[in-house]
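**Student:** This is a predicted model, with the sequence first.
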Amino acid sequence: MTAERAPLGDDLIAELSGLLGDRLSLSAAVREQHGRDESYHHPQPPDAVAFVESTDEVVAVVKACAARRVPVIPFGTGTSLEGHVAAVRGGVCIDVTRMDKVLAVNAEDLDVVVQPGVTRKALNEHLRDTGLFFPVDPGANASLGGMVATRASGTNAVRYGTMADVVLSLEVVVADGRVIRTARRARKSAAGYDLTHLFVGSEGTLGVVTEITLKVFGIPEAILAAVVSFPDLDGAVNAVIETIQLGVPIARIELLDEVQMDACNRYSGLDYPVQPTLFLEFHGSEAGVKEQVATVEALCEGHGGGHFQWSTRPEDRTKLWQARHDAAYAAMGLQPGTKPMATDVCVPISRLAECILETKKDIVASGLIAPIVGHVGDGNFHLVLLVDPDDPDDIARAHALNDRMVMRALAMEGTCTGEHGVGLGKMDFLTAEHGEALGLMRAIKRALDPDDIMNPGKIVRV
Ligand SMILES: Cc1cc2nc3c(=O)[nH]c(=O)nc-3n(C[C@H](O)[C@H](O)[C@H](O)COP(=O)(O)OP(=O)(O)OC[C@H]3O[C@@H](n4cnc5c(N)ncnc54)[C@H](O)[C@@H]3O)c2cc1C
């Protein structure tokens, strides 16, 4: 999508340079890097990139842009997948990576306060000696601000929830430069509209997140990870459905189809059978984990699941989950020169097998290479459609496959995106998903950002 772009005025550049010095970049390479994410979407660079170091600087940049109706695009680590950071109308990108401090660890309350540029891995590194951990783990080492903004999740969400569940409070600089705090540090509150959850998933379209209070969790006494292969996809998915329906408090239950397993074996130097496979992890007390394992082993066996391969040592578990997190990069290796159209849908768990199996038939008919991988315990799965971004036929076939997958998920009362978010890529599905409610979302956007300067052209068209 291209839209009207006006060059930045000299007065704005002078004001921002006066504020930030050489932390305001107009370099083509830096702008290019900030207009792209990790997907097939064509990069659309901003006109300038502001490397901010404090909330006050964010306020000053937003106010300067607001006064001239210049777009502002917040930027974390640029790992989003739906064209989220593309500067469709140009403007100033606010890069928050230098706001990377953990401000407080309140161990007794099981929460932390962080700046938005802290990445999920940096937070866990910081927490290493406290006995606590932060569970939300998108495959990329994303910034926590970006994860708030995309309402991210990952492999642990089935047990610990998504960003929607772990954010307690946010500090946000809104479109006119005001700084607001959405809630206090209390675990629950019934005091007024839930602004925290309005900003979680707002993709930079309502404000810039400058501080985040997050729940953290105690590292469980016992952790066991395993891999189990199945003769067919049907068996693997049904084993997952029964595990969830029985209420087993499993920490991770991830599906990789045979195409993805082949890719992971090659990319990560593994030698698992090239079959539909589940990666599992159990958390709890020693006795609790034993009980969970016995139940899940029996369920898997009932669906033809073979021998469990266990990883008990932390380093083996890290290797296993790194391979899972690298699945998208592994998939790209199947057809060098392509870019991933990584798309995700999420359906109620009882419809998961049907949705995945119909999608698999569709992939075969399309002739595209598109491994299936998913956080299936949540009813969420991804296709990594490998496309040549410069080949319109490839893109058209991939879009057609994606459209059918999304419409299938919606027909099953699911959603067009379980975790990647809307960006540019999923905007056209929101009417089908939300109907009248989309009008209300548009009204909220207009009320909070009347000049449409905050990451314009994303989520809702105004
Ligand atoms: C290999 C790979 C695997 C992935 N796996 C998963 C997965 O399992 N689950 C999942 O949910 N996602 C996954 N993703 C997608 C991606 O990691 C997430 O969307 C992540 O949350 C983006 O964070 P970021 O810091 O890179 O944000 P960016 O890409 O920089 O920005 C994303 C959006 O957030 C906005 N934003 C960024 N920072 C702020 C801020 N401080 N205030 C307001 N708005 C802001 C931006 O304007 C943009 O709209 C994966 C991506 C890759 C490349």
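**Tutor:** Yep, it's here.

**Student:** For the residue nearest the centre of the chain, which non-adjacent residue is closest in space?
**Tutor:** Nearest residue to the geometric centre of the chain (Cα atoms, centre = their mean): residue 152, 3.6 Å. By the measure of Cβ to Cβ, 6 or more residues apart in numbering, the closest residue to residue 152 outside its immediate chain neighbours is residue 138, 4.7 Å from it. For the C-beta atoms, the positions are set from N, CA and C on the backbone; glycine is no exception.

**Student:** cool, and residue 367?
**Tutor:** residue 397 (7.5 Å).

**Student:** Can you tell me the element whatever residue of the stretch 301-450 of the chain ends up closest to the ligand falls in?
**Tutor:** The nearest approach of the stretch 301-450 of the chain to the ligand comes at residue 419, 3.4 Å away (Cβ to the nearest ligand atom). If you go by DSSP states H and E, residue 419 is not part of any helix or strand.

**Student:** Figure out the helix or strand that residue 357 lives in.
**Tutor:** helix 352-366.

**Student:** which parts of that helix are buried?
**Tutor:** Of the residues in helix 352-366, those buried by neighbour count under the rule 16 or more other Cβ atoms under 10 Å are 352, 353, 355, 356, 359, 360, 362, 363.

**Student:** Keeping just the C-alphas, turn that helix into CSV.
**Tutor:** Output in CSV follows, covering the C-alpha atoms of helix 352-366 (Å, rounded to 0.1, in the frame of the first residue of the first chain):
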residue,chain,number,x,y,z
LEU,A,352,-8.3,-27.4,15.5
ALA,A,353,-7.9,-30.8,13.8
GLU,A,354,-10.5,-30.0,11.1
CYS,A,355,-8.9,-26.6,10.4
ILE,A,356,-5.3,-27.9,10.2
LEU,A,357,-6.2,-30.9,8.0
GLU,A,358,-8.3,-28.8,5.5
THR,A,359,-5.5,-26.3,5.4
LYS,A,360,-2.9,-29.1,4.7
LYS,A,361,-5.0,-30.3,1.7
ASP,A,362,-5.1,-26.8,0.5
ILE,A,363,-1.3,-26.4,0.7
VAL,A,364,-0.8,-29.6,-1.3
ALA,A,365,-3.3,-28.4,-4.0
SER,A,366,-1.5,-25.0,-4.2
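
**Student:** What lies in contact with that helix?
**Tutor:** Outside helix 352-366, the residues that touch it by Cβ atoms under 8 Å, 6 or more residues apart in numbering are 233-234, 237-238, 240-241, 255, 257, 345, 347, 370, 372, 374, 376, 379, 381, 383, 397, 400-401, 404-405, 408-409, 412, 414.

**Student:** same question, stretch 197-209
**Tutor:** 58, 62, 72-74, 84, 94, 96, 116, 145, 148-151, 163-164, 167, 170-175, 180, 182, 421-423, 444-445, 448-449, 454-456, 458-460.

**Student:** Please produce a ChimeraX select command covering the buried subset of the residues you listed.
**Tutor:** Filtering the contacts of stretch 197-209 down to the buried ones (16+ other Cβ under 10 Å) takes a single ChimeraX command:
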select :58,62,72,73,74,84,94,96,116,145,148,149,150,151,163,164,167,170,171,172,173,174,175,182,421,422,423,445,448,449,454,455,456,458,459,460
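
**Student:** pLDDT of stretch 56-65, averaged?
**Tutor:** In this model, stretch 56-65 has a mean pLDDT of 98.

**Student:** Using PDB, write out every CA atom in it.
**Tutor:** What follows is stretch 56-65, C-alpha atoms only, in PDB (Å, rounded to 0.1, in the frame of the first residue of the first chain):
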ATOM      1  CA  ASP A  56      10.700  13.000  28.100                       C
ATOM      2  CA  GLU A  57      12.400  12.600  24.700                       C
ATOM      3  CA  VAL A  58       9.400  10.600  23.400                       C
ATOM      4  CA  VAL A  59       7.100  13.300  24.600                       C
ATOM      5  CA  ALA A  60       9.200  16.000  22.800                       C
ATOM      6  CA  VAL A  61       9.300  14.000  19.600                       C
ATOM      7  CA  VAL A  62       5.600  13.300  19.600                       C
ATOM      8  CA  LYS A  63       4.700  16.900  20.400                       C
ATOM      9  CA  ALA A  64       7.000  18.200  17.600                       C
ATOM     10  CA  CYS A  65       5.400  15.800  15.100                       C
END
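
**Student:** For burial, what's the neighbour tally of residue 294?
**Tutor:** By the criterion of other Cβ atoms under 10 Å, residue 294 has 10 neighbours.

**Student:** Give me the distance between it and residue 279.
**Tutor:** Distance, residue 294 to residue 279, by Cβ to Cβ, to the nearest Å: 19 Å.

**Student:** Now intersect the contacts of stretch 197-209 with the helices, please.
**Tutor:** If you go by DSSP state H, these have 58, 62, 145, 148, 149, 150, 163, 164, 444, 445, 448 in helices.

**Student:** filter the residues you listed down to the ones near the ligand?
**Tutor:** Residues of the ones in helices among the contacts of stretch 197-209 in contact with the ligand (Cβ under 6 Å from any ligand atom): 145, 149, 150.

**Student:** got those as CSV, with pLDDT and distance to residue 264 columns?
**Tutor:** Output for those, formatted as CSV (pLDDT from 0 to 100; distance: Cβ to Cβ, whole Å):
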residue, pLDDT, distance to residue 264
145, 98, 30
149, 98, 29
150, 98, 24
